[in-house]
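> Sharing a model that was predicted from the sequence below.
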Amino acid sequence: MNMDETLQNIVHAFQTCLGEKLDGIYLHGSLAMGCYNPLHSDIDLLVLVGKQLSLDEKKHIIKQLIDLEDRFAVRIEMSMMLQSTLYPFLYPTPFELHYSMDHKHYYLQNENYLCANGKDYDLAAHIVVTLERGVTLFGEAKQLAFPAIDHTIYLSSIMKDIEDAYIEIRNAPVYYSLNLCRVLYYLRESVVSSKQEAGEWMLEQLADEREDLHMVVAHSLADYSLNKQKHAWDVSALQLFAAYMLRAIDRQLENIT
């Protein structure tokens with residue numbers, strides 16, 4: 001897969017659909033941070049527009065994204081925002097349109113379905129990652145396009161993402177294991193990291209800890225990496241790891257406050 005060609009086609013699709021309304025397209029997530037896995041990673045995009053989109057424009061964009069996924073065998077996650085709504089910054093953050101694999105089947109089943117004109121707690125974290133590690137694909141430089149996000153808002157955003165980790169780690173072990181690592185990494189080291197970077201950091205932290213905790217991270221990294229393996233997860237081990245990490249995160253928060 002030629003990723004440069006894929007990104008060029010994505011940019012061209014937005015330009016064609018939106019014309020002068022399009023202000024910027026910004027890449028964040030695993031592809032921007034050098035740990036993209038074509039087996040399960042998304043191409044994560046933040047898109048800025050200068051004016052509200054019509055219903056037809058929104059539907060056209062969604063159709064184009066689905067066509068691009070099929071053409072290039074990729075997964076796309078896209079959040080579109082009005083640039084004017086970023087100043088002053090609001091949390092949770094308003095969005096104009098959203099597309100991801102979680103919503104794809106709704107889009108395919110119902111031509112009138114739109115995930116649009118809502119608010120999203122995750123966008124604060126996505127903007128921070130874009131500013132720290134992201135890539136400008138189209139439009140003005142990312143530092144000019146996005147406001148600086150206060151540390152407390154970023155922390156709230158990433159904490160929101162793990163609030164159900166103890167239960168949900170059973171259903172998405174790699175996602176929650178590595179996101180727990182990412183939150184603790186940020187709290188201890190102030191590093192905005194990828195899941196892979198956080199998992200590798202956590203392995204070092206657990207070097208002298210119990211083997212079962214260490215193995216949860218090691219298996220998560222193996223599943224996340226390009227040399228993907230499937231592990232038969234032990235639910236009790238996963239929840240033990242989640243409990244351990246949530247306690248460590250709570251202790252770190254107490255030290256901050």
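Arrived safely. Numbering: from 1, shown residues only.
> ok, the residue sitting furthest away from the middle of the chain to residue 22 distance?
Here the chain reaches farthest from its C-alpha mean at residue 208, the gap being 30.7 Å by C-alpha atoms, centre = their mean. Using C-beta to C-beta, to the nearest Å, residue 208 is found at 52 Å from residue 22. The way it works is simple: take the backbone N, C-alpha and C, and place the C-beta from them, glycine included.
> Can you tell me, leaving aside adjacent residues, what's nearest to residue 187?
Leaving aside its sequence neighbours, residue 187 sits nearest to residue 252 (C-beta to C-beta, 6 or more residues apart in numbering; 4.1 Å).
> about what we covered before: report the secondary structure state of the residue farthest from the centre of the chain.
Following DSSP: H, G, I helix; E, B strand; the rest coil, the label given to residue 208 is coil.
> ok so, going back, neighbours around the residue nearest to residue 187, how many?
15 (other C-beta atoms under 10 Å).
> got it, and residue 115?
A count of nearby residues for residue 115, using other C-beta under 10 Å, gives 18.
> what's the answer for the one 3 residues further on, then?
Using other C-beta under 10 Å, residue 118 is surrounded by 13 other residues.
> Can you tell me, leaving aside adjacent residues, what's nearest to it?
Once flanking residues are discounted, residue 118 sits nearest to residue 95: 6.0 Å by C-beta to C-beta, 6+ apart.
> mind checking how far that neighbour is from residue 131?
As for residue 95, its distance to residue 131 is 17 Å (criterion: C-beta to C-beta).
> Look up phi and psi at the residue farthest from the centre of the chain.
phi -110, psi 10 (degrees, to the nearest 10).
> On the pLDDT front, check it for me.
Here, the pLDDT recorded for residue 208 equals 80.
> pretty sure residue 180 is in a helix, no?
Yes. The assignment for residue 180 by three-state DSSP puts it in a helix.
> give the contact list for the residue nearest to it when sequence neighbours are not counted.
Once flanking residues are discounted, residue 180 sits nearest to residue 245: 4.0 Å by C-beta to C-beta, 6+ apart. By C-beta atoms under 8 Å, 6 or more residues apart in numbering, the residues touching residue 245 are 165, 180-181, 184.
> mind redoing it with 10 Å?
Counting by C-beta atoms under 10 Å, 6 or more residues apart in numbering, residue 245 touches 162, 165-166, 169, 176-177, 179-181, 183-184, 202, 213, 216-217.
> Of those residues, which is the most crowded?
Within the contacts of residue 245, most neighbours by other C-beta under 10 Å means residue 216, with 30 neighbours.
> Of the contacts of residue 245, which belong to helices?
Of those, the ones assigned to helices by DSSP state H are 165-166, 176-177, 179-181, 183-184, 202, 213, 216-217.
> Please produce JSON lines containing the residues you listed, extended by distance to residue 104.
Listed next are the ones in helices among the contacts of residue 245 as JSON lines, based on distance: C-beta to C-beta, whole Å:
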{"residue": "165", "distance to residue 104": "25"}
{"residue": "166", "distance to residue 104": "28"}
{"residue": "176", "distance to residue 104": "22"}
{"residue": "177", "distance to residue 104": "25"}
{"residue": "179", "distance to residue 104": "22"}
{"residue": "180", "distance to residue 104": "27"}
{"residue": "181", "distance to residue 104": "28"}
{"residue": "183", "distance to residue 104": "27"}
{"residue": "184", "distance to residue 104": "32"}
{"residue": "202", "distance to residue 104": "31"}
{"residue": "213", "distance to residue 104": "35"}
{"residue": "216", "distance to residue 104": "29"}
{"residue": "217", "distance to residue 104": "30"}
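> Okay then, goodbye and thanks.
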